[in-house]
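[1] sequence unavailable; structure follows:
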Ligand SMILES: [Zn+2]
């Protein structure tokens, strides 16, 4: 490559980076005037006019309809994210529902749908067919608005190694090593930016983290530990504002952390994992709610368990107290090992958050952010089952915003 070609490439990279700074500032802080953007990005005003012209021309930003009034003269022109032609979709497969969500570059929801999932039989094909139907319904609805969906995040309640195209295991579905990405890809037309397969927990954690950080009380939040129990016990760590993934995405698996080396054998092949004493299915069965679980599903049985324990009924109360003790132990360990500012509890743990908060102060006084200290820094998850999709699509959007040229958004 000749020297001048390298220089041209470098200049283009610099411009893309600078365009990314402007888009990211608008995403983070909302509509802003060019002068405010110059301050926020540390760039000269003249550079800002050039960059904003490029972004306006490519319809990545637009002039905000909400004009900030100035005392005298004409109103100040503010820019806001547009990107309404750039739409990213995600589909979340869980035991009882398939949730589909599509957002545009500014994060505006463009499509949302939920269907009851088929009861899994162990054979992936019926589930894959239902998934593909949900995906095509989303793509069809957006095609009617003349919008092409660029990419698909395919998220499953299960475990996927980082960068893998197969589901390593999804116990809810009885799946081990299912090549879900190719099973879906061979049934539907390709997406320009591809299909990305991932498990649900880390993205759910990232979404909960982002929602907390957007509040005034936790504006300085950088790290959380997220523990969720719905059909097993999963978790994730957000450190320095990013998903802490370990080398294979296998970091922080609370359910298979050994709490009793002499305990019962676990389905993972070891002994005394947390799930051998506090798995939600085990709890509802112990509380005499096995029939309800089989008839109405685990979420309903867990809700009944929590309700009965709150009303002081036995054996629900004792069973839940026992579970809370184990979960508390793992929360305590996670605080000591990961040093988070906050702990977020999802699934049925959100409903027993108050009980779990009653921890020794020696542990609790190491956590906290802004106005939230000690037990106030242990909070219930708030986003429900759309969280993994929100997390995945936020990260995908931010990647495009940070380098719009590389993402193919400049004509
Ligand atoms: Zn285990």
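    Alright, I've got the coordinates. Note that this is a predicted model, so its numbers are computed, not measured. Numbering: from 1, shown residues only.
[2] pull the distance from stretch 398-411 to the chain's centre.
    Centre-to-centre, stretch 398-411 and its host chain are 21 Å apart (Cα atoms, centre = their mean, to the nearest Å).
[3] pull out the buried positions in it.
    Neighbour counts over stretch 398-411 (16 or more other Cβ atoms under 10 Å) mark 400, 401, 402, 403, 404, 405, 407, 409, 410 as buried. To be clear about C-beta, it is placed using only N, CA and C from the backbone, and glycine gets the same treatment.
[4] ok, now which ones touch residue 64?
    31, 77, 78, 79, 80 (Cβ atoms under 8 Å, 6 or more residues apart in numbering).
[5] phi and psi next, for it.
    phi -70, psi 140 (degrees, to the nearest 10).
[6] buried residues in whatever helix or strand residue 138 lives in?
    Using DSSP states H and E, residue 138 sits within helix 124-143. By neighbour count on 16+ other Cβ under 10 Å, the buried set for helix 124-143 is 124, 127, 128, 130, 131, 132, 134, 135, 138, 139, 141, 142.
[7] repeat that for stretch 177-191.
    Here stretch 177-191 shows 178, 180, 181, 183, 184, 185, 191 as buried, counting by 16+ other Cβ under 10 Å.
[8] residue 156 is in contact with the third one, correct?
    No: the pair residue 181 / residue 156 is not scored as a contact, 10.2 Å apart, by Cβ atoms under 8 Å.
[9] so what sits against both of those two?
    Residues touching both residue 181 and residue 156 by Cβ under 8 Å, 6+ apart: residue 197.
[10] so which residues on the stretch 151-300 of the chain come close to the ion?
    256, 266, 268, 273 (Cβ under 5 Å from the ion).
[11] out of these, who has the most neighbours?
    Ranked by neighbour count (other Cβ atoms under 10 Å), those have residue 273 at the top, with 25 neighbours.
[12] and that one, what does it touch?
    Residue 273 sits next to 255, 256, 257, 258, 259, 263, 266 when contact means Cβ under 8 Å, 6+ apart.
[13] for the fourth one, give the beta-bridge partners.
    What that stands for is residue 258. Bridge pairing for residue 258 (DSSP bridges) gives the partners residue 273.
[14] next one, pLDDT for it please.
    Listed pLDDT for residue 258 reads 93.
[15] now do the SS call for residue 203.
    Here residue 203 takes the helix state, with states given by DSSP: H, G, I helix; E, B strand; the rest coil.
[16] does it touch residue 387 like I think?
    Yes: at 7.3 Å, residue 203 and residue 387 qualify as touching, with contact defined as Cβ under 8 Å.
[17] what residue ranges in this protein score low on pLDDT?
    1-6, 8-9, 67-74, 246-250, 361-362 (pLDDT under 70).
[18] biggest helix in it, by residue count?
    Ranked by number of residues, the top helix in the chain under DSSP state H is helix 3-29.
[19] quick check: residue 177 is in a helix.
    No: read with three-state DSSP, residue 177 is strand and lies in no helix.
[20] and for the closest residue to the ion within the stretch 1-150 of the chain, the neighbour number?
    The ion sits closest to residue 95 of the stretch 1-150 of the chain, with a gap of 19.6 Å, by Cβ to the ion. Neighbours of residue 95 under the rule other Cβ under 10 Å: 18.
[21] ditto for the one 3 residues further on
    For residue 98, the tally of surrounding residues (other Cβ under 10 Å) stands at 20.
[22] ok, residue 224 next?
    When neighbours are defined as other Cβ under 10 Å, residue 224 has 26 of them.
[23] now it. Its backbone dihedrals?
    Dihedral angles (degrees, to the nearest 10) for residue 224: phi -140, psi 160.
[24] that one contacts residue 210, correct?
    No: judged on Cβ under 8 Å, residue 224 makes no contact with residue 210 at a distance of 10.3 Å.
[25] re earlier: may I ask which of the contacts of residue 64 has the most neighbours?
    residue 79 (23 neighbours).
[26] so that residue sits against residue 32, correct?
    Yes: with contact defined as Cβ under 8 Å, residue 79 reaches residue 32; the gap is 6.4 Å.
[27] next, show the common contact partners of those two.
    Listed contacts common to residue 79 and residue 32 are residue 26; contacts here mean Cβ under 8 Å, 6+ apart.
[28] can you show me the strands along the stretch 151-300 of the chain?
    Assigned strands in the stretch 151-300 of the chain, in chain order: 167-170, 175-178, 195-199, 224-229, 233-239, 242-243 (criterion: DSSP state E, counting those that start in this stretch).
[29] show me what the shortest one is packed against.
    The one in question is strand 242-243. Applying 3 or more Cβ pairs under 8 Å, 6 or more residues apart in numbering; DSSP states H and E, we find strand 242-243 packed against helix 201-213.
[30] could you count how many residues lie near residue 86?
    26.
[31] so what's it up against?
    The neighbours of residue 86, taking Cβ under 8 Å, 6+ apart as the test, are 60, 104, 105, 150, 400, 409.
[32] farthest-separated two in those residues?
    60 and 150 (13.6 Å; Cβ to Cβ).
[33] more neighbours: those two, which one.
    Neighbours per residue (other Cβ under 10 Å) separate residue 60 from residue 150, with residue 60 holding more: 27 against 21.
[34] correct me, but the more buried one touches residue 409?
    Yes: contact status for residue 60 versus residue 409: in contact at 6.1 Å, counting by Cβ under 8 Å.
[35] how far away is the nearest residue to residue 45 once chain neighbours are set aside from residue 80?
    Distance criterion Cβ to Cβ, 6 or more residues apart in numbering; nearest residue to residue 45, sequence neighbours excluded, is residue 38 at 4.7 Å. Separation of residue 38 from residue 80 (Cβ to Cβ, to the nearest Å): 16 Å.
[36] same question for residue 49.
    Taking Cβ to Cβ, one finds residue 49 at 17 Å from residue 80.
[37] the domain parsing of the chain - what is it?
    3-81, 87-199, 214-383 (automatic domain parsing).
[38] thinking again about what came up before, packing partners of the helix holding residue 138?
    Where contact means 3+ Cβ pairs under 8 Å, 6+ apart, helix 124-143 is packed against strand 87-93, strand 97-104, strand 109-116, strand 149-156, helix 180-185.
[39] so which of the ones you listed is the most surrounded?
    Among the helices and strands packed on helix 124-143, strand 87-93 has the highest mean neighbour count (mean count of other Cβ atoms under 10 Å), at a mean of 25.
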